[in-house]
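Got a predicted structure plus its sequence, pasted below:
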Amino acid sequence: MKVASRILVVDDEPNTLSAIVDLLEEEGYEVKLVSSGKEAVAQLQQKDHDIVITDLAMPEMNGMELLAHVKEHYPDTTVIVLTGVGTIENAVEAMKQGAFDYLTKPAKIDEILLVLKRSQEMRALKDENVLLRSQLQDQYRFDRIIGQSAPMQNLYRIVKRVAKTDSTVLITGESGTGKELIANAIHYYSDRKDKPFVPINCGAIPEELLESELFGHEKGAFTGAFKDRKGRFEMADKGTIFLDEIGEMSPKLQVKLLRFLQETKFERIGGSRTIQVDVRIIAATNKNLEKAVAAGEFREDLFYRLNVIPIQVPPLRDREGDCPLLVRHFLKQHCLKKEIPLKRISQEALESLENYAWPGNVRELENVIERLVILTEGEEIGLEDLPSRMRPERQPTPRTPVEIGESGINLKDYLEELENRLILDALKKAGGVKNKAAKLLGLNRTTLIEKMKKKKMNLPFAPN
């Protein structure tokens with residue numbers, strides 16, 4: 001978790017907190033110490049601060065007045081109050097007025113760090129909620145689609161442009177990528193949004209039933225046809241029909257669908273009356289239809305009729321940064337659905353999920369999270385809770401490459417040199433691509449970058 005960059009400490013006896021300020025700076029915080037509420041107001045006007053730690057009992061402007069000022073003018077700034085043992089009631093009142101927490105004097109560094117960590121977690125949760133709300137409000141507002149990676153942003157732009165047309169769309173992508181969600185988004189961003197969206201899975205219905213499902217039938221058309229029945233095309237009139245797994249459609253039905261695309265007319269099974277409807281068609285498949293056409297398995301003329309506007313949905317493995325968003329989304333969704341307290345996931349487990357290839361894409365990820373929500377006993381999902389195929393392989397412990405002589409060895413210097421050499425070797429093998437180098441070393445990309453920054457290490461060559 002990112003450490004808050006700036007903390008403002010306010011106490012009319014600054015010497016009592018100077019040691020704590022030094023320790024906070026060692027932890028990576030940028031800390032400013034002032035001795036009065038008025039100084040704090042002036043400092044806040046000059047520079048933004050993430051957290052204000054203030055004493056309650058101060059002359060001129062006390063901690064409660066400073067708290068009110070911060071809440072009014074800097075509502076995103078967290079306030080933590082300091083209080084003596086005899087004024088706990090004042091601290092509780094401060095929390096009612098918007099303070100995040102309180103600390104009793106003399107404050108210990110461990111207690112301060114714990115409260116700061118909790119405040120950061122709360123801030124991160126708020127930031128995440130803002131992000132999710134923005135996804136619903138702007139370019140990410142596509143029903144249940146979650147993603148902010150570059151491939152998904154490109155997909156959103158295409159969907160918005162396509163939605164306002166009536167052109168036929170062919171959505172392709174691997175199983176589990178969310179092709180039906182994209183079809184839904186196209187419909188609900190179109191001028192047909194107030195009319196029906198009618199989906200049908202062409203691969204899940206036998207051929208003899210699929211024709212009736214699509215085009216309907218007249219009473220007595222076949223055994224069991226006891227009354228007239230509308231097909232999906234009639235149900236979708238003035239709206240959108242979504243033909244999922246179009247690549248599984250039989251050659252006979254391909255002919256009838258092609259005729260409908262050409263004329264927008266059809267007859268029910270067993271009927272002679274021609275029915276004309278106004279329907280937008282969105283089709284989807286996980287097959288390579290061009291190869292199917294070359295193999296004689298799919299009509300070439302139908303393919304070109306469907307492929308007016310092709311949309312490729314990216315697999316999850318190509319959506320860098322989207323896995324954590326999806327994990328947290330599904331955790332909340334399934335915990336809420338099963339009415340259990342919200343579970344969290346450890347950073348180690350989350351990194352393992354990010355590094356997994358996800359052959360089943362988002363659908364596989366959702367199924368895994370649902371299973372983890374049910375089977376994990378504690379509040380936190382750890383690395384050991386993940387399916388074995390998703391855990392990183394444990395590397396065998398390497399043998400010591402040197403022997404300790406009579407004069408001994410400087411272990412710290414040796415390990416530092418060894419780590420530097422391994423990082424450089426990994427970067428060379430990865431052609432300078434840090435993500436690949438991190439995987440070779442069994443590290444997360446951000447961990448590798450932090451190590452390189454700490455070591456002031458630059459690439460000794462230009463990346464490929």
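Ah, there it is. Numbers count the residues shown, from 1 in each chain.

Let me see the backbone angles for P310.
Phi and psi for P310, reported as degrees, to the nearest 10, are phi -80, psi 140.

So it is in contact with S167, correct?
No. P310 lies out of contact with S167 (CB atoms under 8 Å); the separation is 10.8 Å. All C-beta atoms are positioned from the backbone trio N, CA, C, and that covers glycine.

OK, contacts around K256?
211, 214-215, 266 (CB atoms under 8 Å, 6 or more residues apart in numbering).

Just the closest of these to F303, please.
L214 (18.2 Å; CB to CB).

pLDDT (mean, whole number) over the strand or helix carrying the closest one?
Element membership for L214 (DSSP states H and E) is helix 207-215. Confidence for helix 207-215, expressed as mean pLDDT, is 91.

Flag the shaky bits of this protein, pLDDT-wise.
Where the chain drops to pLDDT under 70, the residues are 1-5, 85-87, 124, 127-144, 393-402, 459-464.

Domain-wise, how is it divided?
6-133, 150-314, 317-390, 411-454 (automatic domain parsing).

so what's the nearest residue to E379 once chain neighbours are set aside up against?
Of all residues not flanking E379 in the chain, K343 sits nearest, at 5.9 Å (CB to CB, 6 or more residues apart in numbering). By CB under 8 Å, 6+ apart, K343 lies in contact with 331, 335, 372-373, 376, 379-381.

What lies in contact with the helix holding L214?
By CB under 8 Å, 6+ apart, helix 207-215 touches 200, 202, 205, 221, 225, 229, 231-233, 249-250, 252-253, 256-257, 266-269.

mind listing the helices for the stretch 51-200 of the chain?
With DSSP state H, counting those that start in this stretch as the definition, the stretch 51-200 of the chain shows helices at residue ranges 63-73, 88-96, 109-137, 150-163, 179-188.

circling back: which elements pack onto the next helix or strand after the helix holding L214?
Past helix 207-215, further along toward the C-terminus, the next helix or strand under DSSP H and E is helix 232-235. Here helix 232-235 touches strand 197-201, helix 207-215, going by 3 or more CB pairs under 8 Å, 6 or more residues apart in numbering; DSSP states H and E.

tell me the angle the first one makes with helix 207-215.
Spelled out, that is strand 197-201. 170 degrees (axes from the mean of the first three to the mean of the last three CA atoms, to 10 degrees).

Measure how strand 197-201 sits relative to helix 179-188, angle-wise.
Using the same axes, to 10 degrees: strand 197-201 against helix 179-188 is 160 degrees.

pretty sure E65 is in contact with G37, am I right?
Yes. The pair E65 and G37 qualifies as a contact (CB under 8 Å) at a distance of 6.2 Å.

Compare these two and say which is more crowded by neighbours.
G37 (23 against 15; other CB atoms under 10 Å).

any idea how far the nearest residue to that one once chain neighbours are set aside lies from S35?
Closest residue to G37 apart from its sequence neighbours, by CB to CB, 6+ apart: M61 at 2.9 Å. Separation of M61 from S35 (CB to CB, to the nearest Å) stands at 11 Å.

Over to the residue positioned nearest the centre of the chain. Which of the three states is it?
When CA atoms, centre = their mean is applied to the chain, the residue found nearest the centroid is L325 (1.8 Å). Classification of L325 by DSSP: H, G, I helix; E, B strand; the rest coil places it in helix.

what's the distance between the residue found closest to D11 once you drop the neighbours it is linked to in the chain and P206?
Once flanking residues are discounted, D11 sits nearest to D55: 4.4 Å by CB to CB, 6+ apart. Plainly put, D55 is 76 Å away from P206 if you go by CB to CB.

Check V52 too.
68 Å.

More neighbours: which of these two?
Neighbour count, other CB under 10 Å: between V52 and P206, V52 has more, with 27 against 9.

can you pull out the strands in the protein?
6-10, 30-34, 51-55, 78-83, 101-104, 169-172, 197-201, 240-244, 265-267, 274-276, 280-285, 309-312, 344-345, 380-381 (DSSP state E).

need the contacts of K256 in CSV with distance to M457 and neighbour count, can you?
Compiled in CSV, the contacts of K256 are given as follows (distance: CB to CB, whole Å; neighbours: other CB atoms under 10 Å):
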residue, distance to M457, neighbour count
E211, 66, 21
L214, 62, 23
F215, 67, 23
F266, 68, 21
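
of the residues you listed, closest to T177?
L214 (24.5 Å).

And that closest one, how far from R268?
10 Å.

shared neighbours of the two, which are they?
Common neighbours of L214 and R268, using CB under 8 Å, 6+ apart, are G231.

so how many other residues sit close to the nearest residue to the residue nearest to the centre of the chain once chain neighbours are set aside?
Computed as CB to CB, 6+ apart, the closest residue to L325 that is not its neighbour in sequence is I146, at 5.2 Å. Neighbour count of I146, defined by other CB under 10 Å: 23.

Distance-wise, check I146 relative to L316.
11 Å.

where do the contact lists of these two overlap?
What both I146 and L316 touch, as defined by CB under 8 Å, 6+ apart, is the set 322, 326.

L418 versus the residue of the chain most remote from its centre, what's the distance?
Ranked by distance from the centre of the chain (CA atoms, centre = their mean), the top residue is E406, with 55.1 Å. Applying CB to CB, the value for E406 to L418 is 21 Å.
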